[in-house]
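> model this:
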Amino acid sequence: MWKNDDELFDLITKELYTPVVGDILDGLGLYHQFLPPQIRPIHDIDKLAGRAMPVVMTDVYGPQKKPFGLLTEALDQLQPGEIYIASGGEMRCAYWGELLTATAKKRGAVGAVVNGYYRDSPQVMEQKFSVFSRGRYAQDSSVRTQVTNFRCPIEVQGVWIEPGDIVFGDLDGVLVIPKNHISEVIEKSLEKARGEKTVRQEIESGMSATEAFATFGIL
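Model prediction:
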């Protein structure tokens, strides 16, 4: 159905939505793939799909010999089609902002997902770059947190994320598709999403919910 990542990501954002993909993941026994529900898009219409580039955040206390740790190194090696996904620490400050957005966008990344906050809201929004976070908070990170590792596995409240996994986010949440399940999950998700359209048409034409479920096995 797709020849490369660009086609895959386009297919995901055009035809799929996180609830249907989450249902497929549940059916495969992958029950812990959604990030915390507090992580939401800046704009309700934002959707993103790309390869995970995980980043580890660690709390610090006061001025550091190397402010921000490995942040610039992490940003400068982002690849096209990747999503900067960061977590760690007590979230005492913003983990994302204007210049990080500009760098990631220039590198060809498709978005950022931070288990924390972002700042520079107007400057981030005007760049039309998908950012998912817990909200806005102006407090600076330089004396409060730093990047200590990147392009390595991370865990976000029970969700294990490996480099190269698929990250998919929309208004209803952000989920992670493990890279060894991508083909199966996407194919089954497309089948279910297309089936749901048929079921809705039947219900709108008068079929009962009970009959629709008995006929199509979808609800």
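
> and the residue lying closest to D170 once chain neighbours are set aside, what does it touch?
Among residues not flanking D170 along the chain, K47 sits closest, at 4.5 Å (CB to CB, 6 or more residues apart in numbering). Any C-beta I mention is one placed from the backbone N, CA and C, and that applies to glycine too. Neighbouring residues of K47 by CB atoms under 8 Å, 6 or more residues apart in numbering: T13, P41, S130, G169, D170.

> quick check, pLDDT for K47.
If you check K47, the pLDDT there is 97.

> low-scoring pLDDT stretches of this protein, where are they?
Counting by pLDDT under 70, the chain contains no low-confidence segment.

> for the residue nearest to D170, give me phi and psi.
phi -130, psi 150 (degrees, to the nearest 10).

> helices or strands up against the longest strand along the chain?
As assigned by DSSP state E, the longest strand anywhere in the chain is strand 48-59. With contacts defined as 3 or more CB pairs under 8 Å, 6 or more residues apart in numbering; DSSP states H and E, strand 48-59 has these neighbours: helix 5-15, strand 82-87, strand 111-114, strand 145-150, strand 154-156, strand 166-170.

> the same query, at a cut-off of 6 Å, please.
Judged by 3 or more CB pairs under 6 Å, 6 or more residues apart in numbering; DSSP states H and E, strand 48-59 is in contact with helix 5-15, strand 82-87, strand 145-150, strand 166-170.

> just the CA trace of it, in CSV.
The C-alpha trace of strand 48-59 is given here as CSV (Å, rounded to 0.1, in the frame of the first residue of the first chain):
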residue,chain,number,x,y,z
LEU,A,48,1.3,14.1,12.7
ALA,A,49,2.9,10.8,11.8
GLY,A,50,6.6,10.0,11.7
ARG,A,51,9.5,8.0,13.0
ALA,A,52,10.3,8.4,16.7
MET,A,53,13.6,10.1,17.6
PRO,A,54,13.4,9.8,21.4
VAL,A,55,15.1,12.2,23.8
VAL,A,56,15.9,11.9,27.5
MET,A,57,15.3,15.0,29.7
THR,A,58,16.9,15.2,33.2
ASP,A,59,16.4,17.7,35.9
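
> contact partners of the helix or strand just after it?
Next along the chain after strand 48-59, taking DSSP states H and E as the criterion, comes helix 71-76. With CB atoms under 6 Å, 6 or more residues apart in numbering as the test, helix 71-76 has contacts from V55, T103, V147, F150.

> what do you get if the cut-off is 10 Å, keeping everything else the same?
The contact list for helix 71-76 (CB atoms under 10 Å, 6 or more residues apart in numbering) reads 53-57, 66, 68, 84, 86, 95, 99-104, 106-107, 109, 112, 141-142, 145-151.

> buried set for it?
Neighbour counts over helix 71-76 (16 or more other CB atoms under 10 Å) mark L71, A74, L75 as buried.
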